[in-house]
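Q: sequence plus predicted model, see below.
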Amino acid sequence: VNLGTWLETQRQQKRKGELDISLEKHLEEVGVIWSFFKEQWGDNYLLLVKYQQREGHANVPSSHKEEGVNLGTWLETQRQQKRKGELDISLEKNLEDVGVMWDVFKEQWENNYCLLVKFQQREGHANVPQKHKEEGVNLGKWLDGQRQQKRKGELDISLEERLEEVGVIWDLCKEKWKNSY
């Protein structure tokens, strides 16, 4: 009998509640892992905690590897499972406790918007030069991206309204021409 096949049979019997308790204890004593998913999830979660403690956030880049594990891919899988309603609520809570953001785009947009508000309050306008950086973020490039999305009709109306509230001018050329006459 193949050892792997035998062990899988023992796992199936345990899941069904049919495994003799003394055999179960003996197998645990020699290090049998009953659920690879739980074991692997727990290991990856500990790597995420380690990353968060070192970096100060849990927004792992998609290609980031931690101790040989593609942590970014694993985290994106957790986000996909949550979107599909397939992530266990206790696992979801654990990820939230370490600071995982479920909608990375929304979080990034909010952070950039706050930087724009800060710029507007300091400078008295929201016409950020294209190459201007605010706290290490290329805010001008981000704002230019928002303008491009609006021109293409791809910017959510609620985001558009928020940008207008802080004084974003959508067509800078038109505005410059208007102000010169």
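A: That came through fine.
Q: can you show me the helices along this protein?
A: Along the chain, the stretches classed as helices by DSSP state H are 3-16, 21-29, 36-55, 71-83, 89-97, 104-123, 139-151, 157-165, 172-179.
Q: so for residue 63, which of these sits nearest?
A: Residue 63 lies closest, by Cβ to Cβ, to one member of those: helix 71-83, at 5.6 Å. To be clear about C-beta, it is placed using only N, CA and C from the backbone, and glycine gets the same treatment.
Q: pull out the buried residues from that closest one.
A: Using 16 or more other Cβ atoms under 10 Å as the test for burial, helix 71-83 gives 71, 72, 74, 75, 78, 79, 82.
Q: residue 112 and residue 152, how far apart?
A: Separation of residue 112 from residue 152 (Cβ to Cβ, to the nearest Å) stands at 19 Å.
Q: count the neighbours of residue 124 for me.
A: 9 (other Cβ atoms under 10 Å).
Q: need the phi and psi values for it.
A: phi 80, psi 0 (degrees, to the nearest 10).
Q: could you check how far it is from residue 171?
A: 20 Å.
Q: go on, residue 17?
A: Distance, residue 17 to residue 171, by Cβ to Cβ: 69 Å.
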